[in-house]
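>>> Return atomic coordinates for the entry below.
(one chain, ligands or ions: 1)
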Amino acid sequence: MTTLAVATKLRCERDDRCLFADLSFSVSQGDILHIKGANGAGKTTLLRRLVGLNSFVEGDVQFHPSVSERGQRIDGQRFWYLAHRPAVTLAQTALENLRYAVALQQQTLTRSAYWQALADVGLAGYEDVPAHRLSSGQQQRIALARLYLPLPDVKLWLLDEPFNALDANASAQLEVNMLRFVEGGGSVILISHHEFNHASVQELVIGQANQSVKKEQRPCL
Ligand SMILES: Nc1ncnc2c1ncn2[C@@H]1O[C@H](COP(=O)(O)OP(=O)(O)OP(=O)(O)O)[C@@H](O)[C@H]1O
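Residues are numbered from 1 along each chain as shown. Here you go, the predicted model:
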């Protein structure tokens, strides 16, 4: 199985706190990497670093060219990143949000593909409703619908608390779809307080270094 992402010796300090240090991991096709840790441990910071959105983390991250042609930069991507809060443009309809996301991937899809993805997340009939007129769970479903678009080039999902605001049915469906995605050769890196019991899931617990208040008292090694 191809290795899709390798992170080497990552280290993060914020506000004089060492959040994590000497953190290395890799993700291959078929893997689900479940990032765990207490509130404030640095999980979101880490995920944002993986997609090139912040610079608080030192160390090296390399993606396979099938995931990102331009290293960790967010452009040239062939992955989906779902942020902690759904990156949904409230003034746009559900359909427009999906179209925009696909345009960022420099792809085009048929109208029926968008409708199917929205149906897959239970938003059939809401295609032309502006997102600001939907509930927070429905907005999260728009964000998740991106995952179900038929873009075969997408090999990696990076998901920050994707179960937030989802009801039990939507959560179960997301879990099934994650497993289906990795069984088809994809890979998932996710942050969640949700527990999984599946052979594909590897846990990465971060934040053990987050005990020290001041770095001069307990340096980040
Ligand atoms: N906007 C910010 N400005 C300054 N420091 C921040 C900011 N956001 C987060 N931090 C610091 O970075 C640390 C890690 O935050 P991060 O959001 O990565 O944690 P997390 O593990 O994702 O937490 P949670 O489980 O609560 O979402 C926090 O402990 C906080 O001290």
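>>> Check what contacts the helix ranked longest in the chain and list those residues.
Scanning the chain for the longest helix, with DSSP state H as the assignment, gives helix 168-183. Identification of contacts with helix 168-183 by C-beta atoms under 8 Å, 6 or more residues apart in numbering yields 29-32, 120-122, 137, 141, 144, 147-148, 157, 162-163, 166, 188, 190, 194, 196, 198, 200. Bear in mind the C-beta positions are built from the backbone N, C-alpha and C, glycine included.
>>> Try it again at 6 Å.
For helix 168-183, the external contacting residues (C-beta atoms under 6 Å, 6 or more residues apart in numbering) are Gly30, Ile32, Phe163, Val188, Ser200.
>>> Could you list the contact residues of the protein toward the ligand?
Counting by C-beta under 6 Å from any ligand atom, the chain comes close to the ligand at Arg14, Asp15, Leu19, Gly37, Asn39, Gly40, Ala41, Gly42, Lys43, Thr44, Thr45.
>>> Tell me which of these fall in helices.
Among the residues of the chain next to the ligand, DSSP H puts Lys43, Thr44, Thr45 in helices.
>>> Most neighbours among those residues, please name it.
Lys43 (26 neighbours; other C-beta atoms under 10 Å).
>>> my guess is that one contacts Ile191, does it?
Yes. At 4.5 Å, Lys43 counts as touching Ile191 under the criterion of C-beta atoms under 6 Å.
>>> shared neighbours of those two, which are they?
Common neighbours of Lys43 and Ile191 (criterion: C-beta under 6 Å, 6+ apart): Ile35.
>>> Put the buried members of the residues of the chain next to the ligand into a ChimeraX selection.
Selection of buried members from the residues of the chain next to the ligand for ChimeraX, criterion 16 or more other C-beta atoms under 10 Å:
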select :19,37,41,42,43,44,45
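>>> So which of the residues of the chain next to the ligand is the closest to Gly207?
Minimum distance to Gly207 across the residues of the chain next to the ligand is 2.6 Å, recorded for Ala41 (C-beta to C-beta).
>>> Could you check how far the nearest residue to Ala113 once chain neighbours are set aside is from the ligand?
Nearest non-adjacent residue to Ala113, counting by C-beta to C-beta, 6 or more residues apart in numbering: Pro150, 5.5 Å away. Pro150 sits 31 Å away from the ligand, going by C-beta to the nearest ligand atom, to the nearest Å.
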